[in-house]
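Colleague: Take this sequence and fold it.
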Amino acid sequence: MVWIPAGRFQMGSDHHYPEEAPAHQVDVSGFWIDRAPVTNGQFLKFVKATGHVTLAELPADPSAYPEAQPTLLAASSIVFVPPARAISLNDHYAWWQYIAGADWRHPEGRGSSIKGREHHPVVHISHGDALAYAFWAGKQLPSEAQWERAARGGLEATEFAWGSELHPAGRMLANTFQGDFPHHNTLLDGWERTSPVGSFPANGYGLFDMIGNVWEWTDDWYQHHGSRVQGPKAVGSCCSPENPRGATQEASIDPSSQHGLLPRKVVKGGSFLCAPSHCRRYRPAARMAQGIDTSTCHLGFRCVVPSVSGDVVASAMRC
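Modeller: Have a look, this model is predicted:
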């Protein structure tokens, strides 16, 4: 794990997607954070030790989804399936499919496996699965503020985790999508889907894959920045809020969203599917809402440990 010192930073952005605004100063206490996302190999150790079965490996409860087609209630997860030709970007269902048998062991569905991908980030992980791993490891999931402070790597007011250009001097600094999304990936970064952690340079704090590769769960309930519960001081006040957290579970629900009446958590960092023409969320300030019942082929996590004794940190690092 890597130690992130206490400090103040500018959270959010006023220049991109509306859910990132308003940019505001926050104070965050020091904490430890995993150097990279949890990998398939690490998650396998957890499953062997605990017998944990992930949400994607279980059939859905019909009473929770009374209008769902029976085929969608089978054990399944969401997988990116590129179309054969250029299509409108207005319908994301054109490249996302529920695939029976897709789970962390079978990232693209039955017939696929994680053999040879032991050092890739584990995917098809629900929020509950990430919490279970964190509890077993003696850790926690990060708050959104912790995650964003770590992702910035000590830089202030830069668009990306490494500076002001997406590809400085033509260098690929994160696993994202190059080409014409969603049908043609030129693979300039060398990877079509996930990449082994550490394949791209670390940020200023020595952290890998804070941007791209996979989205990462935080433990904050989702709300727009302007209405979030920001700790002891409100956004826009004269002072910076300390260790801000998301709002309540109930407040995270938006019946008009694709998640319906399901509670939502904040996810951060973007993924191998972020492209300039589609999803410019390969930035520390970027954020999205994700239903807690959902797992996908581009969503993983990493853990944190608050400022605690060296013995506790050493135990967590061994996991």
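Colleague: From here on, just use CA atoms for contacts and neighbour counts.
Modeller: Will do.
Colleague: which stretches of the chain form helices?
Modeller: 40-50, 127-136, 144-152, 310-318 (DSSP state H).
Colleague: out of those, nearest to residue 265?
Modeller: helix 127-136 (8.0 Å; CA to CA).
Colleague: Need the contact partners of that closest one.
Modeller: With CA atoms under 8 Å, 6 or more residues apart in numbering as the test, helix 127-136 has contacts from 43, 46, 54-55, 140-141, 217, 292-294, 300-301, 303.
Colleague: if we can go back for a sec, ok, and which of the helices of the chain has the densest surroundings?
Modeller: helix 144-152 (a mean of 26; mean count of other CA atoms under 10 Å).
Colleague: quick one: contacts of that helix?
Modeller: 4, 9, 11, 26, 28, 31, 33, 160-162, 203-205, 207, 210-211, 218-220, 243-246, 266, 268, 284-285.
Colleague: can we see that at 6 Å?
Modeller: 161, 210, 218, 284 (CA atoms under 6 Å, 6 or more residues apart in numbering).
Colleague: do you know how far residue 213 is from residue 72?
Modeller: 27 Å (CA to CA, to the nearest Å).
Colleague: Tell me, how many residues neighbour residue 16?
Modeller: 15 (other CA atoms under 10 Å).
Colleague: Rounded mean pLDDT for stretch 219-226, please.
Modeller: Mean pLDDT, stretch 219-226: 89.
Colleague: And for that stretch, what's in contact with it?
Modeller: 19, 141-143, 245-247, 249, 252, 264-266, 289.
Colleague: mind running it again at 8 Å?
Modeller: Under CA under 8 Å, 6+ apart, the answer for stretch 219-226 is 12, 19-22, 141-144, 235, 245-249, 251-252, 263-266, 289.
Colleague: Pull out the buried members of the residues you listed.
Modeller: By neighbour count, with 16 or more other CA atoms under 10 Å, those hold 12, 19-22, 141-144, 235, 245-247, 252, 263-266, 289 as buried.
Colleague: Okay, and which of those residues map to strands?
Modeller: 264, 265, 266, 289 (DSSP state E).
Colleague: and these, which two are the farthest apart?
Modeller: So, these by CA to CA: farthest apart are 264 and 266, at 6.9 Å.
Colleague: one step back: and the ones in strands among the buried ones among the contacts of stretch 219-226 as CSV, adding distance to residue 82?
Modeller: Shown next, in CSV, are these (distance: CA to CA, whole Å):
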residue, distance to residue 82
264, 26
265, 26
266, 26
289, 23
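Colleague: Next, format these as TSV and append pLDDT and distance to residue 151.
Modeller: Formatted as TSV, those follow (pLDDT from 0 to 100; distance: CA to CA, whole Å):
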residue	pLDDT	distance to residue 151
264	97	22
265	98	18
266	98	15
289	97	18
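Colleague: Am I right that residue 22 is in contact with residue 15?
Modeller: No - contact criterion CA atoms under 8 Å: residue 22 and residue 15 do not qualify, at 9.3 Å.
Colleague: The residue nearest to residue 259 when sequence neighbours are not counted bridge partners, please.
Modeller: Distance criterion CA to CA, 6 or more residues apart in numbering; nearest residue to residue 259, sequence neighbours excluded, is residue 291 at 5.8 Å. Listed beta-bridge partners, residue 291: residue 264 (assigned using DSSP bridges).
Colleague: Alright, that wraps it up for me.
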